[in-house]
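Asker: Curious how this folds, go ahead:
(2 chains)
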Amino acid sequence: MFDEGQLAPGTRMAASNPLQMSNSSTSQAVRTENLRRYYTMGGSIIRAVDGITLTIERGEIVALLGQSGSGKSTLLNLLAGLDRPTSGSVQVEGRDLARMSSEDLARYRRNDVGMVFQSFHLIPAMTITENVELPMRFAEVERSERAQRVRESLERVGLGKRLEHRPSELSGGEQQRVSLARALANRPSMLLADEPTGNLDSRTGEDILNLIRAVSLSLGMTVVMVTHERALAERFAQRLVFLGDGKLLSQEALA
Amino acid sequence: MKGYDLLDLAVRNLRQSKLRNGLTTVGISVGVASLVAMLSLGVGLQQLATRRLAGSGMFDTVFVTSKQDFRGFDREQDQKDQHPENAPVLDDAARDKMTHLQYVTEVEPEIRVMGEIVYGGQTHYGFVTGLPMSARENEAFDNLQGKFFSRSDADEVILLNDFAKELDPANPKALIGQEVTLRYGEHQPLAADSDTSGRLSGEQSDAGNPNAGDSYGFSVVRKTQQLRVMGIIDEEPYGGMRTVSRGRIFLPVDLTAKLNMAEFSDMRSSLRGHGRTYMTLTVRVKDPAKVAQVQDAIKQMGFRTFSVLDATKSLRRFFTVLDLFLGIFGSLALAVATLAIINTLVMAVLERRREIGVMKAIGASDGDVKRLFFAEAGAMGFFGGVLGIALGFAIGKAINIGTGIYLHNHQLPAEAVWIMPPWLIGAAIAFSIVVSLLAGLYPASRAARLDPVQTLKYE
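Answerer: Numbers count the residues shown, from 1 in each chain, chains lettered A, B, ... in the order given. Down below sits the predicted model:
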């Protein structure tokens, strides 16, 4: 397969991946084909994702909407390379995640995607700076370069103070900003957000979404966000994708 | 992930639960300390035994006897020699030849004769033996009162404390510097033509023997010699293991030769008709490692030899076995500590499930997670090892102080029975790290196998 080891950390796959040309048009960031993810639970099969075919353009902001149990989080995890499909393919920048080794998937998560979670998932024992620095440790970014990149990421999300504080000393909105800064640390080409506003009040949630949108526009970053708040999604996303029982119900492009 | 980041994260994680990891580290250190204490004890005892043997001056020495003389120390060697009567004798020519062998520093006869010391009008009997100047190095002379011989043929004498007490029960020390009279039997060979006349005493060989002088026989003539008492020693030299040890009156060896004292073996030499011979020659070798080589060379000359090399071989084997048992004993505590590491790390994996999931989500590979837990185990092993060395050192000091007090109470000089060689420090820390890494195998692979989707799902 394609040897990623030769790439410098943080290099965009889009710029250098020769495979993408043969598989899809150059503007496609994500393409899933008949994607399935089944679980067995207590003897019965749960079809969390059941034959989804979906294309996402590069730089597009997409909201995945649906009831809980509709499969939107599972789909997001499949896009993130945290989970593997039962069948079908999930191609990101022309590379099929289903066929990548776990080592390659880790590298993909490290360099090509950033993740933001509902409950932030910051490491409580680490300071803000250290939390943002953590992905760079895995990406083996030179130590001399890190401080500057941490600052850059934090500035992008509007945090310049209390950098040596622990996450618990920050408000929910601030914590989510740190989480976003961490997701941006390795300069990914795609941001995956799992209910990023779920633990925030509506005003703070809106601020975060606007921030994500601004970052996406300035960096040309693809954004896939899971949410169940349609109103919020309508104001924020360029396209809404509705899921139900693991199936793609409908799509709606917004102006 | 780079080594620096790995260690940094590992140490940071260890500090997160100070009490638990601290206790585990102390557990490791107790294990390491017991191992180190046991092995150091083994090393110390071995060095003590070696020191004792080396102090006896036996390590660099080969004893040579003629196969004509009575059966020696080595039965196997004796049985191979069917005709001892044809074996070479230990005469001056043989002595000279041995002196010129490579690595030989000294060849001295073992002279031991009956004598008398006259002092204050009283006569005291005792065995007289001749000591070479090299005997000064022997541990028996460590506590010498007075001085050693000034020359190898000086008219001087050193007495055993017991004998000195016989001469002057009130104040044996006062003997030092005094003149005493030695009465002994002088060996006077017969003239070649004297076998029909002037036989004064002693034995005589066959009349038909063509050899001259000693071959015919000798006289034992009473003589006296004035000697100055130079010193007094408490113990027999060479740990009482040599012929010359078993005396109470010690003369410089060349003086005994000069005085030409009649020895017991002279009679046998005379009967056999081959002139004056030595009963035993003591060959000193420059380096204990060359003893075997010199021993072989002398065997080639047709003599019977003995050295303590054979004795030390079995001694070394004994200590190898002892070290092994002490090591196994000491390892038991470390084995228990290993379980503590496994337990601590498994707990940490359970506690940090979510954190592991997060790390994987932001780009940590299974290998990174595994290495992180390995690094934590290794760090605990390292700190435990260092702490254990310190603890072991303290235990060892306590053992040494304890034995010192015990020996002192028994009027014995203090001995270090516990010695920590430098290699053991490095080896113990390395061993501690390796054992900890092995203990980390299971928790690390368990952490690496965690499914991030599952760990991130629930709050």
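Asker: Next, give phi and psi for A:Gly42.
Answerer: Phi and psi for A:Gly42, reported as degrees, to the nearest 10, are phi 60, psi 40.
Asker: Which stretches in the chain count as strands?
Answerer: Assuming you mean chain A. With DSSP state E as the criterion, chain A has strands at A:28-41, A:44-57, A:61-65, A:87-92, A:95-96, A:113-117, A:190-194, A:222-227, A:239-244, A:247-253.
Asker: try chain B instead
Answerer: Using DSSP E, strands in chain B cover B:61-65, B:104-109, B:112-119, B:122-131, B:145-146, B:156-160, B:179-189, B:218-233, B:249-252, B:280-285, B:304-306.
Asker: strands paired with the fifth one, and their directions?
Answerer: Counting by DSSP bridges, the strands paired with strand B:145-146 are strand B:218-233 (antiparallel).
Asker: centroid residue for the chain?
Answerer: You didn't pick a chain, so chain A it is. Nearest to the mean C-alpha position of chain A, counting by C-alpha atoms, centre = their mean, stands A:Leu192 at 1.7 Å.
Asker: Hmm, no, I was thinking of chain B.
Answerer: B:Thr50 (1.6 Å).
Asker: returning to that earlier point: winner for burial among the strands of chain B?
Answerer: Ranked by mean neighbour count, the strands of chain B are led by strand B:249-252 with a mean of 27 (mean count of other C-beta atoms under 10 Å in any protein chain shown). No exception for glycine: its C-beta is placed from N, CA and C like everyone else's.
Asker: So what touches it?
Answerer: B:115, B:117, B:126-131, B:133, B:149, B:151-154, B:156-160, B:163, B:182, B:227, B:233, B:237, B:244, B:259 (C-beta atoms under 8 Å, 6 or more residues apart in numbering or on different chains).
Asker: Recalculate using a threshold of 7 Å.
Answerer: With contacts defined as C-beta atoms under 7 Å, 6 or more residues apart in numbering or on different chains, strand B:249-252 is touched by B:115, B:117, B:126-131, B:149, B:151-154, B:156-159, B:163.
Asker: pLDDT on it, on average?
Answerer: In this model, strand B:249-252 has an average pLDDT of 92.
Asker: try stretch B:336-355
Answerer: Average pLDDT, stretch B:336-355: 90.
Asker: ok, residue 223 - contacts?
Answerer: If you meant another chain, say so; for now it's chain A. By C-beta under 7 Å, 6+ apart, the contact list for A:Val223 reads A:61-62, A:191, A:193, A:212, A:216.
Asker: actually chain B
Answerer: Contacts for B:Lys223 were tallied using C-beta under 7 Å, 6+ apart; they are B:184, B:186.
Asker: if I look at it, how far off is B:Arg151?
Answerer: Distance of B:Lys223 to B:Arg151, computed by C-beta to C-beta, to the nearest Å: 20 Å.
Asker: Could you check how far the residue nearest to the centre of chain A is from B:Ile405?
Answerer: The spacing between A:Leu192 and B:Ile405, counted by C-beta to C-beta, is 73 Å.
Asker: and stretch B:335-349, which residues are buried?
Answerer: By 16 or more other C-beta atoms under 10 Å in any protein chain shown, the buried positions in stretch B:335-349 come out as B:337-338, B:340-342, B:344-345, B:348-349.
Asker: closest to A:Arg31 among the residues you listed?
Answerer: Taking C-beta to C-beta as the measure, A:Arg31 lies nearest B:Val349 of these, at 36.9 Å.
Asker: Hmm, that closest one is touching B:Pro443, no?
Answerer: Yes. Contact criterion C-beta atoms under 7 Å: B:Val349 and B:Pro443 qualify, at 5.3 Å.
Asker: Disregarding flanking residues, what is the spatial nearest neighbour of B:Gly126?
Answerer: B:Arg248 (3.9 Å; C-beta to C-beta, 6 or more residues apart in numbering or on different chains).
Asker: try B:Val221
Answerer: Leaving aside its chain neighbours, B:Val221 sits nearest to B:Glu186 (4.6 Å; criterion: C-beta to C-beta, 6+ apart).
Asker: Specify the beta-bridge partners of that neighbour.
Answerer: Going by DSSP bridges, B:Glu186 forms beta bridges with B:Val221, B:Met261.
Asker: Can you name the residues that contact it?
Answerer: Applying C-beta under 7 Å, 6+ apart, we find B:Glu186 in contact with B:220-221, B:223, B:259-262.
Asker: count of neighbours near the residue in the stretch 51-200 of chain B that chain A sits nearest to?
Answerer: Of the stretch 51-200 of chain B, the residue with the smallest distance to chain A, taken as C-beta to the nearest C-beta, is B:Arg51 at 53.5 Å. As a burial measure, B:Arg51 scores 13 neighbours (other C-beta atoms under 10 Å in any protein chain shown).
Asker: what's the answer for B:Leu334, then?
Answerer: 24.
Asker: how close does it sit to B:Lys67?
Answerer: Remark: distance between B:Leu334 and B:Lys67 (C-beta to C-beta) = 55 Å.
Asker: circling back: would you mind measuring from the residue nearest to B:Val221 to A:Met100?
Answerer: Distance, B:Glu186 to A:Met100, by C-beta to C-beta: 105 Å.
Asker: Report pLDDT for B:Gly327.
Answerer: 86.
Asker: In space, what's closest to the residue in the stretch 101-250 of chain A that chain B sits nearest to - neighbours in sequence excluded?
Answerer: As assessed by C-beta to the nearest C-beta, chain B sits closest to A:Arg110 within the stretch 101-250 of chain A, at 2.7 Å. Spatial nearest neighbour of A:Arg110, excluding adjacent residues (C-beta to C-beta, 6+ apart): B:Gly363 at 2.7 Å.
Asker: contacting residues for that neighbour?
Answerer: A:106, A:109-110, A:135, A:138-139, A:186.
Asker: In helices, which of those appear?
Answerer: Among those, the members falling in helices (DSSP state H) are A:106, A:109-110, A:135, A:138.
Asker: Which of these sits closest to B:Gly381?
Answerer: Using C-beta to C-beta, A:Phe138 is the member of these that lies nearest B:Gly381, at 24.4 Å.
Asker: Can you check the pLDDT for the nearest residue to that closest one once chain neighbours are set aside?
Answerer: Leaving aside its sequence neighbours, A:Phe138 sits nearest to B:Gly363 (C-beta to C-beta, 6+ apart; 4.2 Å). pLDDT for B:Gly363: 92.
Asker: do the one 10 residues further on as well
Answerer: As summarised for this prediction, B:Phe373 has a pLDDT of 93.
Asker: That one against B:Ala447, yeah?
Answerer: Yes. Using C-beta under 7 Å, B:Phe373 is in contact with B:Ala447, at 5.0 Å.
Asker: I'd say B:Met133 and B:Ser152 touch.
Answerer: Yes. B:Met133 is within contact range of B:Ser152, at 5.2 Å (criterion: C-beta under 7 Å).
Asker: what residues are up against A:Leu232?
Answerer: Residues in contact with A:Leu232 (C-beta under 7 Å, 6+ apart) are A:197, A:205-206, A:209.
Asker: Need the buried ones from those selected in ChimeraX.
Answerer: Buried subset of these, written as a ChimeraX selection, criterion 16+ other C-beta under 10 Å:
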select /A:197,205,209
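Asker: and which of the contacts of A:Leu232 is nearest to B:Thr61?
Answerer: Using C-beta to C-beta, the contacts of A:Leu232 come closest to B:Thr61 at A:Thr197, 92.8 Å.
Asker: Apart from its neighbours in sequence, what residue is nearest that closest one?
Answerer: Once flanking residues are discounted, A:Thr197 sits nearest to A:Gly205: 3.1 Å by C-beta to C-beta, 6+ apart.
Asker: quick one: low-confidence ranges for the chain?
Answerer: I'll assume chain A. Regions of chain A meeting the criterion pLDDT under 70 cover residues A:1-26, A:255.
Asker: Sorry, I should have been clearer: chain B.
Answerer: Checking chain B against pLDDT under 70 turns up B:54-57, B:70-85, B:191-216, B:273-275, B:310-311, B:458-459.
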